[in-house]
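# Structure for this input, please:
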Amino acid sequence: MVRGWTGNRAKTLIFALLLILLALAAAAPVALGAFASGRSGKLPPGSLRGNEHRLQEYPSVALASAEQRAAAERLLAEIRTTSRGWRNLRAAAAAGFDTRMAPRRAGDLSVHYLHAEHRRYSQDRLYLDPRRPEALIYANMRGRPPVLVGMMFSMPRGMHGRTPGGPITRWHTHTVCARGAHRGLTPRPDGSCPPGTSAREGSEMLHVWLTNDLRSAYAIHGPARELGLAHLLPAAFCPLHNASARP
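Below is the predicted model:
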């Protein structure tokens, strides 16, 4: 007992110390989780926006409320309906989408994801509108006609996209090299930027894929396995039998 302290005061001090220890113990799992997340470079599940490499590849559907899940399902249903009008590049080009494809390198047999941008839709003030997507996404495979596999929605620089589906409808960014108000470019293969430009986060975007389940439909990158299960990619192009690719 501290000299000069009465019994009651000593008991009060001990009780207060016990409360502090209990609070620290309760916070430990959260702190450890945040520490682990920081070490891995990944943002916590449920994050609504962030760099493409820091967000979890698949959304945490279980963290969404019933209302948010219903909103994500409605948005996906609308996208599936409107996408029927742009199943092929001819229809997309007639609607104003830029369907030009970059040439392939010799021996490149991988799937390329063409983002057919619509310049007018990219400059209007209608955001996350399935009738006016900023870009259509086509799977471009050697020896096969391009197949529509998704849509991309984007926001003007500095604006946040709305998230009707909560943690399901997440927005991601890419690191780009930009100068002033000019459009950003992809960094060099070594990650550096050309002289006169600097690295920064680009505008927010949201990919929605025409897969058969809600989780993979809102993946950050093209979910090859689930696109294969939806018969949009042939088995030769997706890891259908790769256990590590299971959601």
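# average model confidence for stretch 65-79?
Mean pLDDT, stretch 65-79: 98.
# Let the chain start at 28 from now.
That works, and once the first residue is 28, the last one we named lands at stretch 92-106.
# Could you give the separation of it from the chain centroid?
Taking the mean of its C-alpha atoms, stretch 92-106 sits 16 Å from the chain's own mean (Cα atoms, centre = their mean, to the nearest Å).
# same check, this time on stretch 237-247
With Cα atoms, centre = their mean, you get 11 Å for stretch 237-247.
# Dump that stretch to CSV, restricted to CA.
Extracted C-alpha coordinates of stretch 237-247, given in CSV (Å, rounded to 0.1, in the frame of the first residue of the first chain):
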residue,chain,number,x,y,z
LEU,A,237,-20.8,-10.6,-65.9
THR,A,238,-20.2,-13.7,-63.7
ASN,A,239,-22.8,-15.9,-62.0
ASP,A,240,-22.2,-14.8,-58.4
LEU,A,241,-22.3,-11.5,-56.6
ARG,A,242,-18.8,-11.8,-55.0
SER,A,243,-16.9,-12.3,-58.2
ALA,A,244,-19.0,-9.8,-60.2
TYR,A,245,-17.4,-7.0,-58.1
ALA,A,246,-13.8,-8.3,-58.2
ILE,A,247,-11.1,-5.7,-58.7
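# Next, the buried residues of it.
For stretch 237-247, a neighbour-count test (16 or more other Cβ atoms under 10 Å) marks 237-238, 240-247 as buried. Any C-beta I mention is one placed from the backbone N, CA and C, and that applies to glycine too.
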